[in-house]
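Novice: for reference, the sequence and a predicted model appear below.
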Amino acid sequence: MKKISDRHPTLREKILENIRDTIISGSITSGSRVSEPELAERFGISRTPIREAFRQLESEGYLKVIPRRGAVVSAYTQRDVEEFYAIKSILEGYAAKLACAKLTKKEIDRLQAINERLAELCEQSDIKQFFKVHSDFHDLFIKAADNDKLREMINLLVTRFQRLRLMSLSQPGRMAVSVQEHNKIITAFREHNSEAAELLVRKNAEYGGKVLLDESVCRPDEAMDL
């Protein structure tokens, strides 16, 4: 028989997915409270795994846990989006530049295989799986850059703003554009063109922010309803 603690990761993942889906679908909007007691009753569990899930979702930018108020859906401003994607484009672009001279043929072929899988998921409109595989594509060349501090900085940044990344990829036509841009990046890697690789990765990240901002009519200091 499994220990109760062994079952927590499964429960935690169910709670994480449930809350993520609810936020992304727009069923609960920025500033809305996420009830710990209601979730405990729905899943028939104690509040401990729910609090663990809340901490994870806070680190991903979905929730903000406020003392004496509980968990509420995070609000992002236009400035948050602009600053995140600006920094992401610079860091990932630099990683692509470094990786260009270090990626092996096997690794580049792996990038191609990942992107082919992304094309299939795009056809199926499977945004959840697309998001996971999309991260694999970027992780591969970031790791190949062989700069531990850079990789750590990128991981911390993209984890903190995971919600923005998923919402960007969820925009109409965004997945298809991502696949097309990845093909251009792969070509630059095959040609060992570091300047082109850096520029393409930067443009890809910048476009991710643009599609979100194009959907928003808020001012820089106003919360976006994501």
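Specialist: Thanks, I have it.

Novice: how many residues are close by residue 71?
Specialist: 24 (other C-beta atoms under 10 Å). Heads up, the C-betas are built off the backbone N, CA and C, glycines and all.

Novice: and it, what is it in contact with?
Specialist: Shown in contact with residue 71 (C-beta atoms under 8 Å, 6 or more residues apart in numbering): 33, 34, 36, 54, 57, 58, 63, 64, 65.

Novice: so which of these comes closest to residue 24?
Specialist: The closest of the contacts of residue 71 to residue 24 turns out to be residue 57 (C-beta to C-beta; 11.8 Å).

Novice: give me the low-pLDDT residue ranges for this protein?
Specialist: Applying pLDDT under 70 to the chain flags residues 1-10, 216-226.

Novice: all strands of this structure, in order?
Specialist: For the chain, the strands defined by DSSP state E cover 33-34, 63-66, 70-73, 76-77, 223-224.

Novice: so which of those strands is nearest residue 111?
Specialist: Short answer: strand 76-77, nearest of those by C-beta to C-beta, at 30.1 Å.

Novice: elements contacting that closest one?
Specialist: Packing partners of strand 76-77 (3 or more C-beta pairs under 8 Å, 6 or more residues apart in numbering; DSSP states H and E): strand 223-224.

Novice: make it 10 Å
Specialist: Applying 3 or more C-beta pairs under 10 Å, 6 or more residues apart in numbering; DSSP states H and E, we find strand 76-77 packed against helix 162-169, strand 223-224.

Novice: indicate which one of these is closest to residue 72.
Specialist: That would be strand 223-224 among the helices and strands packed on strand 76-77, by C-beta to C-beta, at 11.6 Å.

Novice: biggest helix in this structure by residues?
Specialist: helix 78-100 (DSSP state H).

Novice: dump that helix to PDB, keeping only the CA atoms.
Specialist: Backbone C-alpha positions of helix 78-100 (Å, rounded to 0.1, in the frame of the first residue of the first chain) are rendered in PDB as follows:
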ATOM      1  CA  GLN A  78       0.800  46.000 -20.000                       C
ATOM      2  CA  ARG A  79       4.200  47.000 -18.500                       C
ATOM      3  CA  ASP A  80       4.600  43.500 -17.000                       C
ATOM      4  CA  VAL A  81       4.100  42.000 -20.400                       C
ATOM      5  CA  GLU A  82       6.500  44.400 -22.200                       C
ATOM      6  CA  GLU A  83       9.200  44.000 -19.600                       C
ATOM      7  CA  PHE A  84       9.000  40.200 -19.400                       C
ATOM      8  CA  TYR A  85       9.200  39.600 -23.100                       C
ATOM      9  CA  ALA A  86      11.900  42.200 -23.500                       C
ATOM     10  CA  ILE A  87      14.100  40.500 -21.000                       C
ATOM     11  CA  LYS A  88      13.200  37.000 -22.300                       C
ATOM     12  CA  SER A  89      14.200  38.000 -25.800                       C
ATOM     13  CA  ILE A  90      17.600  39.300 -24.700                       C
ATOM     14  CA  LEU A  91      18.500  36.300 -22.600                       C
ATOM     15  CA  GLU A  92      17.200  33.600 -24.900                       C
ATOM     16  CA  GLY A  93      18.700  35.400 -27.900                       C
ATOM     17  CA  TYR A  94      22.100  35.300 -26.200                       C
ATOM     18  CA  ALA A  95      21.600  31.600 -25.400                       C
ATOM     19  CA  ALA A  96      20.900  30.900 -29.100                       C
ATOM     20  CA  LYS A  97      24.000  32.800 -30.100                       C
ATOM     21  CA  LEU A  98      26.200  30.700 -27.700                       C
ATOM     22  CA  ALA A  99      24.500  27.500 -28.600                       C
ATOM     23  CA  CYS A 100      25.000  28.000 -32.400                       C
END
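
Novice: cheers, nothing more for now.
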